[in-house]
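Colleague: Got a sequence here, can you model it:
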Amino acid sequence: MGIDVGGTKVALRIEGDGARAVRSVFRWPPASRSAPHRSATERDLAALARHVGLLRAEWGGPVKSVGVAMPATVDDEGRVLTWPGRPHWAGLGLHEELRGLIPGAAVRFADDGDLAALAEAGRAGCRNLVYLGVGTGIGGGVVVDGRPLPGPGRGSCEVGHIVVDRAGPRCDCGRHGCVQALASGPATLRRAATLLGGPVDFDALRNGFAAGAGWAVSAVQESGEALAVAAVSLCELTRPELVLIGGGFASGLPGLVTVVAEHTRRLARPGAPPVPVREAALGGLSSLYGAVSLARGQ
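Modeller: Okay, here's the model as predicted:
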């Protein structure tokens with residue numbers, strides 16, 4: 001079983017050799033500002049338990065191993081140290097919770113961005129790449145010679161927290177100007193709403209961008225430029241063969257990858273040709289497929 005734990009939703013997949021795979025997605029229960037952290041965590045865990053149970057019932061067989069893709073910082077024991085997206089999870093023993101949900105199964109954790117990068121590298125047949133996943137936040141990773149940086153036991157590659165604008169908006173990590181604060185899905189929607197002068201949801205942004213509406217184009221262009229700055233900076237350090245842009249927000253917004261590619265070409269310096277920028281093959285499922293690979297021990 002692979003579990004991709006996101007800030008907005010959770011994706012699950014069970015597969016086995018020669019068997020039909022089953023998959024489901026659910027959104028976290030709405031947050032309540034008045035609810036204490038403990039009850040909010042219990043509500044999340046109840047939703048996770050319910051959907052894990054439903055998928056296991058559909059699968060009908062045993063689950064021997066679970067791979068979990070996490071955007072949070074998790075220690076070696078599977079305890080959540082910090083997660084700005086769901087701060088009430090801090091201190092949660094997720095390893096114990098999942099072992100309770102799936103008795104007898106081995107449980108492994110890894111950073112969602114690292115797993116997504118590895119999954120995309122495998123699909124692309126590329127051993128050296130940069131991957132940026134644009135969703136509720138910005139995750140991603142760098143793969144060098146088939147392995148994620150910085151390597152086992154040294155933490156994850158937090159590409160979403162590369163500072164691209166020192167005077168930029170405050171990020172949920174506490175710094176200003178992280179690429180996540182400028183180019184994530186919510187950041188892009190907030191910018192679009194400011195430019196339009198009213199609320200903007202994802203459908204309105206997508207339709208406005210497709211129609212060439214100035215407010216939508218400007219909002220997406222600024223996000224694309226921030227992503228390009230992060231990508232170019234990573235390319236200067238790691239010399240990849242390919243840059244891939246994925247994640248649920250990016251995959252649902254046709255044209256965003258083209259914007260990033262255009263800004264990347266513009267930022268190229270003499271003697272350093274721009275690295276090709278393409279759409280990730282797995283779309284918003286990169287981390288989920290990476291979690292399944294983790295469960296398989298790959």
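
Colleague: what separates the host helix or strand of residue 289 from the chain centre, distance-wise?
Modeller: Using DSSP states H and E, residue 289 falls within helix 286-295. In terms of Cα atoms, centre = their mean, to the nearest Å, the centre of helix 286-295 is found 12 Å from the chain centre.

Colleague: Please name every helix or strand in contact with it.
Modeller: Where contact means 3 or more Cβ pairs under 8 Å, 6 or more residues apart in numbering; DSSP states H and E, helix 286-295 is packed against strand 2-5, strand 9-14, strand 65-70, strand 106-111, helix 112-124, strand 129-134. Every residue, glycine included, has its C-beta placed from N, CA and C.

Colleague: for the ones you listed, which one sits closest to residue 279?
Modeller: helix 112-124 (10.3 Å; Cβ to Cβ).

Colleague: Tell me which of the helices and strands packed on helix 286-295 lies nearest to residue 297.
Modeller: strand 65-70 (7.3 Å).

Colleague: in its sheet, what does the lowest-mean-pLDDT helix or strand in the chain sit against?
Modeller: The weakest-scoring helix or strand in the chain, judged by mean pLDDT, DSSP states H and E, is strand 73-74 (a mean of 82). The sheet places strand 73-74 alongside strand 80-82 (antiparallel), with pairing taken from DSSP bridges.

Colleague: I'd like the next helix or strand past the partner strand.
Modeller: On the C-terminal side of strand 80-82, the nearest following helix or strand under DSSP H and E is helix 94-101.

Colleague: Tell me what angle that following helix forms with strand 65-70.
Modeller: Between helix 94-101 and strand 65-70, the angle comes out at 140 degrees (axes from the mean of the first three to the mean of the last three Cα atoms, to 10 degrees).

Colleague: Pull up the distance across stretch 50-69, start to finish.
Modeller: 19 Å (Cα to Cα, to the nearest Å).

Colleague: Let me fix that, I meant to ask about stretch 77-96.
Modeller: The first-to-last residue distance of stretch 77-96 comes to 9 Å (Cα to Cα).

Colleague: Quick one: residues in contact with that stretch.
Modeller: Residues from elsewhere that reach stretch 77-96 (Cβ atoms under 8 Å, 6 or more residues apart in numbering): 7, 28, 37-38, 40-41, 44, 68, 70-75, 98, 107, 109, 136-137, 172-173.

Colleague: got a list of what residue 239 touches?
Modeller: By Cβ under 8 Å, 6+ apart, the contact list for residue 239 reads residue 128.

Colleague: Domain-wise, how is this protein divided?
Modeller: With domains defined by automatic domain parsing, the chain comprises 2-113+286-295, 125-284.

Colleague: follow-up on the earlier one: CA-only coordinates of the helix holding residue 289 in PDB, if you can.
Modeller: Extracted C-alpha coordinates of helix 286-295, given in PDB (Å, rounded to 0.1, in the frame of the first residue of the first chain):
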ATOM      1  CA  SER A 286       4.100  11.200  -8.400                       C
ATOM      2  CA  SER A 287       4.300  10.900  -4.600                       C
ATOM      3  CA  LEU A 288       1.800   8.200  -4.500                       C
ATOM      4  CA  TYR A 289       3.700   6.000  -7.000                       C
ATOM      5  CA  GLY A 290       6.800   6.800  -5.000                       C
ATOM      6  CA  ALA A 291       5.100   5.600  -1.800                       C
ATOM      7  CA  VAL A 292       4.200   2.300  -3.500                       C
ATOM      8  CA  SER A 293       7.800   1.800  -4.600                       C
ATOM      9  CA  LEU A 294       8.900   2.500  -1.100                       C
ATOM     10  CA  ALA A 295       6.500  -0.100   0.200                       C
END
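
Colleague: now that helix and strand 129-134, what's the angle there?
Modeller: Counting by the same axes, to 10 degrees, helix 286-295 lies at 120 degrees to strand 129-134.

Colleague: Same question for helix 286-295: list its buried residues.
Modeller: Under the neighbour-count criterion of 16 or more other Cβ atoms under 10 Å, helix 286-295 has 286, 287, 288, 289, 290, 291, 292, 293, 294, 295 buried.

Colleague: I'd like those as a markdown table, with distance to residue 207 and pLDDT appended.
Modeller: Shown next, in a markdown table, are those (distance: Cβ to Cβ, whole Å; pLDDT from 0 to 100):
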| residue | distance to residue 207 | pLDDT |
| --- | --- | --- |
| 286 | 25 | 91 |
| 287 | 27 | 92 |
| 288 | 27 | 95 |
| 289 | 29 | 94 |
| 290 | 31 | 93 |
| 291 | 32 | 94 |
| 292 | 34 | 94 |
| 293 | 36 | 92 |
| 294 | 37 | 91 |
| 295 | 38 | 93 |
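
Colleague: Right, I'll leave it there.
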